[in-house]
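Q: Please find the sequence and the predicted model below.
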Amino acid sequence: MGEVRLVGVRDRVLSIDEVFAAVGDPAAGGVALFVGTVRVEDSGRLVSSLEYEAHPDAVEVMTAIATEIAERPEVIAVAAVHRVGLLAIGDLAVVVAAACAHRHDAMRAGGDLIDAVKERAPIWKRQVFDDGDVEWVGIGSR
């Protein structure tokens, strides 16, 4: 059984190095690292601004998700952090990592980790498009 070494929801710039270091382990032959960034367009529409908001239980939910992944026998360590607040195009929105002895296991665990965070963590995205339209993206719709 692996360890959950870092989980957080932050209103400041995220660090890829911090997440990578959190899952570092001499037994890990593979680390899958996913970095989600704010893109300039969504569904063919230009984004002018983006803001994330989180429910007070977001860290608890993310910890439960990370624990589920860490309980897999092949997982050594996992970490996940998500940003909240107003973000600019190119900013890091989410960083997750999974460390395993083998690369295929790490890729699978890391992919499952980010998918579960996107599907289940109570974090909402408010996008404002160049034409002035606003869209809220929430649980289950990301």
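A: Now that the structure is in, tell me what you want to look at.

Q: Quick one: residues contacting the residue nearest the centre of the chain.
A: Centroid-nearest residue in the chain: Val94, 3.7 Å away (criterion: CA atoms, centre = their mean). Counting by CB atoms under 8 Å, 6 or more residues apart in numbering, Val94 makes contact with Leu14, Phe34, Val35, Gly36, Ala80, Val81, His82, Arg83, Ile114, Val117, Lys118. (C-beta placed from N, C-alpha, C; glycine too.)

Q: What pLDDT is listed against it?
A: Looking at Val94, its pLDDT reads 98.

Q: Could you name the specific helix or strand carrying it?
A: In this assignment (DSSP states H and E), Val94 forms part of strand 92-100.

Q: quick revisit: for Met62, see how far away the residue nearest to the centre of the chain is.
A: 10 Å (CB to CB, to the nearest Å).

Q: Quickly list what's touching both of these two.
A: Common neighbours of Val94 and Met62 are listed as Ala80, His82, Val117 (criterion: CB under 8 Å, 6+ apart).
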